[in-house]
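Colleague: here are the coordinates; sequence isn't available:
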Ligand SMILES: C[S@@+](CC[C@H](N)C(=O)[O-])C[C@H]1O[C@@H](n2cnc3c(N)ncnc32)[C@H](O)[C@@H]1O
């Protein structure tokens, strides 16, 4: 660490802590504006800033920031991060600190976690903590929150339209793609590869040629839960940039018809770019105004499978998006619940008799998960719940989390996901 790096990180952190935009967008824009920063410096700045976002509440409480000077507060947070989380001593940092910063360091050193609330120790907002405790109990809620302090692994999905997992693994091992070959198959997804070390895969030839995609193992499993068959009609109603759509297309072996809908043109454009690499030709993307868009009407009752990867709080992805802890409010979740129910109800109409609807989120909250699924079943007696583990077992994936698929980072090594499979009476 140098005074220069400290300054750069403090400026970036000050922007991040306004919580006006998603952290990945802020960091991306910052690096585009500071092209002079070298690779190592960028890595240090990004890792420090993300680390602080993960531990923001705890670090803020022990630095007792005064909120008067945002850059000064950011510098205190960096110091607290280095000392309390990275284990640096005042002596380690002495050379890079000015006199005032040394005083801050002495004050930070004297602080411990005594007197901090459980929510502060879990590093989440009170409302989220209370919901987690009500669902999981205090001990597991703490384990879940702490598991989100870790960086997520980099998971890849092999695109079976173009390659096999064996071939990709052999090639990566042969060329030493990851230093020390910290690379393995994923425990559950038959198409996943997990990289133990972070690297920029987007320039790798296997990526540019479309043989691999970046996709969390949990997200890969959701596509298996949809279990589309060759030649079927499948809709991805909230396709976004198409992480799951592309996986579905590959599972369909590029046959049948796959529709990708989303309200965001920008996200569907990103899907377009990924589609070119994928080699899929069975996919049609369409922007809709909302789930009641008239464009969907002619498709009522036509689909064998409908995936609702619903807009959600994203609170299962805090390892990757720690800023969501501070940006999402309880009110946001209540508003999302209305959208989630409406989109799921619309999916029910698109589904044909004997077909299936899969409802999924990357949230940990009952309000966005079980509560939506239960209300759906109560309002739609023509649908029955198919146990998720049975659907996975039929595809030789041994993973039993009960009738619903419920993935948690500390148990499954994936992001937090929820999914329910509903089948419409024939
Ligand atoms: C969880 S994200 C989807 C991620 C995507 N399936 C993937 O795997 O990359 C939810 C998506 O729902 C979209 N969305 C929000 N409201 C919608 C609506 N009423 N109808 C369809 N899509 C909607 C958002 O634009 C967002 O892209």
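Modeller: Okay, I see it. The model shown is predicted, which means the values in this text are computed figures rather than measured ones. Numbers count the residues shown, from 1 in each chain.
Colleague: list the contacts for the spatially most central residue of the chain?
Modeller: The centroid of the chain falls nearest to residue 317 when counting by Cα atoms, centre = their mean (3.7 Å). For residue 317, the contact set (Cβ atoms under 8 Å, 6 or more residues apart in numbering) comprises 324, 362, 415-416. C-betas here are computed from N, CA, C, even on glycine.
Colleague: got those as JSON lines, with pLDDT, distance to residue 98 and secondary structure columns?
Modeller: Converted to JSON lines, these look like this (pLDDT from 0 to 100; distance: Cβ to Cβ, whole Å; DSSP: H, G, I helix; E, B strand; the rest coil):
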{"residue": "324", "pLDDT": "98", "distance to residue 98": "34", "secondary structure": "helix"}
{"residue": "362", "pLDDT": "98", "distance to residue 98": "43", "secondary structure": "coil"}
{"residue": "415", "pLDDT": "97", "distance to residue 98": "41", "secondary structure": "coil"}
{"residue": "416", "pLDDT": "98", "distance to residue 98": "42", "secondary structure": "coil"}
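Colleague: before we move on, the earlier item: what strand or helix carries the residue nearest to the centre of the chain?
Modeller: Residue 317 is part of no helix or strand when elements are defined by DSSP states H and E.
Colleague: so which helix or strand takes in residue 59?
Modeller: Counting by DSSP H and E, residue 59 is part of helix 56-63.
Colleague: what about that helix, average pLDDT?
Modeller: Per-residue pLDDT over helix 56-63 has a mean of 94.
Colleague: do stretch 112-121 as well
Modeller: The average pLDDT within stretch 112-121 is 93.
Colleague: Would you mark the buried spots in stretch 387-399?
Modeller: Residues of stretch 387-399 classed as buried: 387-389, 391-392, 397, 399 (neighbour count, 16 or more other Cβ atoms under 10 Å).
Colleague: And that stretch, end to end?
Modeller: Counting by Cα to Cα, to the nearest Å, you get 11 Å between the two ends of stretch 387-399.
Colleague: Contacts for that stretch next, please.
Modeller: Identification of contacts with stretch 387-399 by Cβ under 8 Å, 6+ apart yields 188-190, 221, 224-225, 227, 400-405, 412, 419-421.
Colleague: The same query, at a cut-off of 10 Å, please.
Modeller: Residues outside stretch 387-399 that contact it (Cβ atoms under 10 Å, 6 or more residues apart in numbering) are 187-190, 220-222, 224-227, 251, 356, 358, 400-407, 412, 418-421, 423.
Colleague: Need the buried ones from those residues selected in ChimeraX.
Modeller: Filtering the contacts of stretch 387-399 down to the buried ones (16+ other Cβ under 10 Å) takes a single ChimeraX command:
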select :188,189,190,220,221,222,224,225,226,227,251,356,358,401,403,404,405,406,407,412,418,419,420,421,423
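Colleague: In helices, which of the contacts of stretch 387-399 fall?
Modeller: Among those, the residues falling in helices (DSSP state H) are 220-222, 224-226, 251, 412.
Colleague: where does residue 70 sit relative to residue 14, distance-wise?
Modeller: Residue 70 sits at a distance of 5 Å from residue 14 (criterion: Cβ to Cβ, to the nearest Å).
Colleague: Same question for stretch 94-104: list its buried residues.
Modeller: Of the residues in stretch 94-104, those buried (16+ other Cβ under 10 Å) are 97, 101, 104.
Colleague: which phi and psi does the second one have?
Modeller: Recorded main-chain torsions at residue 101 are phi -70, psi -30, according to degrees, to the nearest 10.
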